[in-house]
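Peer 1: Output the structure for:
(one chain, ligands or ions: 1)
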Amino acid sequence: MKEYVPRSGELFVVSGPSGAGKGTICRRLMEDPEEDQLMLSVSATTRAPREGEVDGVNYYFLSREEFEKRIENEEFLEYAEVYGNLYGTPLQPVLDTLAQGKDVLLEIDTQGAAKVKGTYPEGIFLFILPPSMRVLRQRLEGRGTDTQEVIERRLANTKAEVEEIGMYDYYVLNDDLEEAVATAKSILRAERTRVEKYALDLIRKFEEEE
Ligand code: 5GP
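Peer 2: Reported below is the predicted structural model:
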(Lines give C-alpha, C1' and ligand atoms only; values in the text may rest on other atoms or scores of the structure.)
Protein backbone atom coordinates (compact mmCIF):
# COMPACT_ATOMS: atom_id res chain seq x y z
CA MET A 1 0.00 0.00 0.00
CA LYS A 2 1.19 3.49 -0.80
CA GLU A 3 2.41 5.62 2.07
CA TYR A 4 -0.36 7.69 3.61
CA VAL A 5 -0.08 11.36 2.75
CA PRO A 6 -2.49 13.81 4.40
CA ARG A 7 -4.84 15.55 2.00
CA SER A 8 -3.24 18.60 0.46
CA GLY A 9 -5.53 21.25 -0.95
CA GLU A 10 -6.65 21.53 -4.54
CA LEU A 11 -5.38 24.23 -6.85
CA PHE A 12 -8.18 25.58 -9.03
CA VAL A 13 -7.12 27.77 -11.92
CA VAL A 14 -9.72 29.96 -13.62
CA SER A 15 -9.11 31.80 -16.89
CA GLY A 16 -11.22 33.34 -19.58
CA PRO A 17 -11.46 36.45 -21.72
CA SER A 18 -12.17 39.78 -20.06
CA GLY A 19 -15.90 40.29 -19.99
CA ALA A 20 -16.50 36.53 -19.70
CA GLY A 21 -17.49 37.02 -16.07
CA LYS A 22 -14.64 35.15 -14.39
CA GLY A 23 -14.24 37.82 -11.71
CA THR A 24 -17.93 37.64 -10.83
CA ILE A 25 -17.94 33.85 -10.80
CA CYS A 26 -14.83 33.70 -8.58
CA ARG A 27 -16.36 36.24 -6.21
CA ARG A 28 -19.55 34.20 -6.00
CA LEU A 29 -17.53 31.07 -5.19
CA MET A 30 -15.68 32.93 -2.44
CA GLU A 31 -18.96 34.21 -0.97
CA ASP A 32 -20.47 30.73 -0.78
CA PRO A 33 -20.54 29.69 2.92
CA GLU A 34 -19.95 26.08 1.85
CA GLU A 35 -16.65 27.15 0.25
CA ASP A 36 -15.03 28.15 3.55
CA GLN A 37 -11.94 26.06 2.75
CA LEU A 38 -11.30 27.95 -0.49
CA MET A 39 -8.78 30.81 -0.56
CA LEU A 40 -8.50 33.33 -3.37
CA SER A 41 -4.90 34.08 -4.26
CA VAL A 42 -4.06 37.80 -4.37
CA SER A 43 -1.85 38.51 -7.38
CA ALA A 44 0.87 41.11 -7.73
CA THR A 45 0.75 43.55 -10.62
CA THR A 46 2.57 46.54 -12.04
CA ARG A 47 -0.63 48.11 -13.34
CA ALA A 48 -2.00 51.16 -11.53
CA PRO A 49 -4.90 50.58 -9.14
CA ARG A 50 -8.36 51.30 -10.54
CA GLU A 51 -10.75 53.37 -8.53
CA GLY A 52 -11.82 51.51 -5.42
CA GLU A 53 -9.08 48.88 -5.64
CA VAL A 54 -7.19 48.28 -2.41
CA ASP A 55 -3.54 47.23 -2.15
CA GLY A 56 -3.28 43.75 -0.64
CA VAL A 57 -6.97 43.03 -1.29
CA ASN A 58 -7.49 43.24 -5.07
CA TYR A 59 -3.79 43.07 -5.92
CA TYR A 60 -0.39 43.84 -4.49
CA PHE A 61 0.48 46.90 -6.54
CA LEU A 62 4.23 46.91 -7.22
CA SER A 63 6.65 48.99 -9.23
CA ARG A 64 8.16 47.21 -12.23
CA GLU A 65 11.51 47.25 -10.45
CA GLU A 66 10.11 45.56 -7.36
CA PHE A 67 8.22 43.05 -9.50
CA GLU A 68 11.38 42.17 -11.44
CA LYS A 69 13.30 41.72 -8.20
CA ARG A 70 10.69 39.22 -7.06
CA ILE A 71 10.97 37.36 -10.37
CA GLU A 72 14.75 37.14 -9.78
CA ASN A 73 14.12 35.77 -6.29
CA GLU A 74 11.72 33.15 -7.69
CA GLU A 75 8.86 34.44 -5.57
CA PHE A 76 6.18 33.73 -8.17
CA LEU A 77 4.41 30.50 -9.02
CA GLU A 78 3.88 32.07 -12.45
CA TYR A 79 3.86 35.51 -13.99
CA ALA A 80 2.94 36.95 -17.36
CA GLU A 81 2.72 40.23 -19.20
CA VAL A 82 -0.89 41.13 -19.99
CA TYR A 83 -1.76 44.31 -21.90
CA GLY A 84 1.65 45.80 -21.11
CA ASN A 85 1.62 45.10 -17.38
CA LEU A 86 3.15 42.31 -15.35
CA TYR A 87 0.91 40.05 -13.27
CA GLY A 88 2.08 37.25 -11.01
CA THR A 89 0.93 34.76 -8.39
CA PRO A 90 2.95 34.90 -5.16
CA LEU A 91 4.22 31.35 -4.58
CA GLN A 92 4.55 31.07 -0.79
CA PRO A 93 0.92 31.78 0.17
CA VAL A 94 -0.22 29.17 -2.37
CA LEU A 95 2.14 26.52 -0.95
CA ASP A 96 1.17 27.35 2.65
CA THR A 97 -2.55 27.16 1.92
CA LEU A 98 -2.29 23.87 0.04
CA ALA A 99 -0.15 22.40 2.82
CA GLN A 100 -2.90 23.29 5.31
CA GLY A 101 -5.26 21.15 3.25
CA LYS A 102 -7.16 24.17 1.99
CA ASP A 103 -7.95 24.85 -1.65
CA VAL A 104 -6.63 27.77 -3.67
CA LEU A 105 -8.37 29.67 -6.44
CA LEU A 106 -6.23 31.46 -9.03
CA GLU A 107 -7.79 33.87 -11.49
CA ILE A 108 -5.08 34.25 -14.10
CA ASP A 109 -4.68 34.59 -17.85
CA THR A 110 -4.05 31.71 -20.26
CA GLN A 111 -0.27 32.29 -20.38
CA GLY A 112 -0.10 32.00 -16.59
CA ALA A 113 -2.37 28.95 -16.61
CA ALA A 114 -0.06 27.25 -19.13
CA LYS A 115 2.91 27.83 -16.81
CA VAL A 116 1.03 26.45 -13.79
CA LYS A 117 0.03 23.43 -15.86
CA GLY A 118 3.74 22.83 -16.53
CA THR A 119 4.84 23.11 -12.91
CA TYR A 120 1.70 21.88 -11.14
CA PRO A 121 -0.19 19.51 -13.47
CA GLU A 122 -2.37 18.29 -10.57
CA GLY A 123 -4.14 21.64 -10.74
CA ILE A 124 -7.70 21.77 -12.04
CA PHE A 125 -8.14 24.15 -14.92
CA LEU A 126 -11.44 25.90 -15.67
CA PHE A 127 -12.13 28.14 -18.63
CA ILE A 128 -15.00 30.64 -18.43
CA LEU A 129 -16.47 30.89 -21.88
CA PRO A 130 -18.72 33.74 -22.98
CA PRO A 131 -21.52 32.62 -25.34
CA SER A 132 -20.14 34.43 -28.39
CA MET A 133 -17.91 37.24 -29.62
CA ARG A 134 -21.04 39.29 -30.21
CA VAL A 135 -22.25 38.93 -26.60
CA LEU A 136 -18.74 39.66 -25.33
CA ARG A 137 -18.57 42.86 -27.33
CA GLN A 138 -21.96 43.93 -25.95
CA ARG A 139 -20.81 43.24 -22.39
CA LEU A 140 -17.53 45.12 -22.76
CA GLU A 141 -19.24 48.09 -24.38
CA GLY A 142 -22.04 48.03 -21.78
CA ARG A 143 -19.57 47.97 -18.90
CA GLY A 144 -18.38 51.40 -19.96
CA THR A 145 -15.03 51.06 -18.19
CA ASP A 146 -12.82 50.80 -21.28
CA THR A 147 -12.22 52.98 -24.31
CA GLN A 148 -13.18 51.63 -27.74
CA GLU A 149 -9.50 51.05 -28.49
CA VAL A 150 -9.03 48.94 -25.36
CA ILE A 151 -12.22 47.00 -26.16
CA GLU A 152 -10.94 46.18 -29.66
CA ARG A 153 -7.63 45.01 -28.20
CA ARG A 154 -9.38 42.83 -25.62
CA LEU A 155 -11.61 41.29 -28.31
CA ALA A 156 -8.64 40.54 -30.54
CA ASN A 157 -6.92 38.90 -27.59
CA THR A 158 -10.05 36.88 -26.80
CA LYS A 159 -9.77 34.87 -30.00
CA ALA A 160 -6.24 33.83 -29.10
CA GLU A 161 -7.32 32.97 -25.55
CA VAL A 162 -10.29 30.85 -26.61
CA GLU A 163 -7.98 28.86 -28.87
CA GLU A 164 -6.12 27.79 -25.73
CA ILE A 165 -9.20 26.07 -24.32
CA GLY A 166 -7.85 22.59 -25.11
CA MET A 167 -5.41 22.93 -22.21
CA TYR A 168 -8.25 23.20 -19.67
CA ASP A 169 -10.12 20.42 -17.87
CA TYR A 170 -13.51 22.13 -17.85
CA TYR A 171 -15.32 24.95 -19.52
CA VAL A 172 -18.04 26.97 -17.83
CA LEU A 173 -20.36 28.59 -20.33
CA ASN A 174 -21.42 31.93 -18.93
CA ASP A 175 -24.66 32.51 -20.76
CA ASP A 176 -26.70 32.71 -17.59
CA LEU A 177 -24.70 33.77 -14.49
CA GLU A 178 -26.63 31.65 -11.96
CA GLU A 179 -26.16 28.57 -14.07
CA ALA A 180 -22.49 29.31 -14.60
CA VAL A 181 -21.93 29.71 -10.84
CA ALA A 182 -23.77 26.44 -10.20
CA THR A 183 -21.61 24.66 -12.80
CA ALA A 184 -18.40 26.03 -11.29
CA LYS A 185 -19.49 24.94 -7.79
CA SER A 186 -20.31 21.45 -8.99
CA ILE A 187 -16.90 21.13 -10.65
CA LEU A 188 -15.18 22.05 -7.37
CA ARG A 189 -17.29 19.57 -5.44
CA ALA A 190 -16.78 16.75 -7.91
CA GLU A 191 -13.01 17.28 -7.94
CA ARG A 192 -12.91 16.92 -4.15
CA THR A 193 -14.46 13.48 -4.34
CA ARG A 194 -12.00 11.88 -6.75
CA VAL A 195 -11.15 8.43 -5.46
CA GLU A 196 -7.75 8.42 -7.15
CA LYS A 197 -6.68 11.32 -4.94
CA TYR A 198 -8.43 10.63 -1.69
CA ALA A 199 -8.81 6.86 -1.36
CA LEU A 200 -6.10 6.45 1.29
CA ASP A 201 -7.34 9.43 3.25
CA LEU A 202 -10.86 8.05 3.19
CA ILE A 203 -9.89 4.54 4.23
CA ARG A 204 -7.91 5.86 7.15
CA LYS A 205 -10.70 8.13 8.35
CA PHE A 206 -13.25 5.37 7.90
CA GLU A 207 -11.19 2.88 9.90
CA GLU A 208 -10.34 5.38 12.64
CA GLU A 209 -13.96 5.57 13.69
CA GLU A 210 -14.70 2.07 14.88
P1 5GP B 1 -7.10 43.20 -14.80
O2 5GP B 1 -6.03 44.20 -15.07
O3 5GP B 1 -8.34 43.45 -15.61
O4 5GP B 1 -7.39 43.07 -13.32
O5 5GP B 1 -6.54 41.78 -15.26
C6 5GP B 1 -6.09 41.58 -16.56
C7 5GP B 1 -5.80 40.11 -16.79
O8 5GP B 1 -4.72 39.67 -15.98
C9 5GP B 1 -6.96 39.16 -16.49
O10 5GP B 1 -7.08 38.24 -17.56
C11 5GP B 1 -6.53 38.46 -15.24
O12 5GP B 1 -7.07 37.15 -15.13
C13 5GP B 1 -5.04 38.42 -15.44
N14 5GP B 1 -4.31 38.21 -14.18
C15 5GP B 1 -4.61 38.71 -12.95
N16 5GP B 1 -3.73 38.27 -12.04
C17 5GP B 1 -2.86 37.47 -12.70
C18 5GP B 1 -1.72 36.70 -12.30
O19 5GP B 1 -1.32 36.64 -11.13
N20 5GP B 1 -1.07 36.01 -13.27
C21 5GP B 1 -1.48 36.02 -14.57
N22 5GP B 1 -0.79 35.30 -15.44
N23 5GP B 1 -2.55 36.72 -14.99
C24 5GP B 1 -3.23 37.44 -14.07
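Peer 1: which parts of stretch 118-127 are buried?
Peer 2: G123, I124, F125, L126, F127 (16 or more other C-beta atoms under 10 Å). For every residue, glycine as well, the C-beta is placed using N, CA and C.
Peer 1: Could you tell me the end-to-end distance of that stretch?
Peer 2: 17 Å (C-alpha to C-alpha, to the nearest Å).
Peer 1: and what of stretch 15-22?
Peer 2: 7 Å.
Peer 1: and that stretch, average pLDDT?
Peer 2: Averaged across stretch 15-22, pLDDT comes to 91.
Peer 1: Give me the distance between the helix or strand hosting F206 and the centre of its chain.
Peer 2: Assessed by DSSP states H and E, F206 sits inside helix 195-208. Mean-position distance between helix 195-208 and its chain equals 28 Å (C-alpha atoms, centre = their mean, to the nearest Å).
Peer 1: list the helices and strands it packs on?
Peer 2: Contacts defined by 3 or more C-beta pairs under 8 Å, 6 or more residues apart in numbering; DSSP states H and E place helix 195-208 against no helix or strand at all.
Peer 1: Counting neighbours, which bits of it end up buried?
Peer 2: Of the residues in helix 195-208, none is buried (16+ other C-beta under 10 Å).
Peer 1: So P17 sits against L136, correct?
Peer 2: Yes. Applying C-beta atoms under 8 Å, one finds P17 in contact with L136, separated by 6.4 Å.
Peer 1: what sits in contact with each of these two?
Peer 2: Common neighbours of P17 and L136 are listed as P130, T158 (criterion: C-beta atoms under 8 Å, 6 or more residues apart in numbering).
Peer 1: any idea how far the closest residue to L11 other than its chain neighbours is from the ligand?
Peer 2: With C-beta to C-beta, 6 or more residues apart in numbering as the criterion, L11 has its nearest non-adjacent residue at 4.2 Å, and that residue is G123. According to C-beta to the nearest ligand atom, to the nearest Å, G123 stands 13 Å off from the ligand.
Peer 1: Nice, that's everything, thank you.
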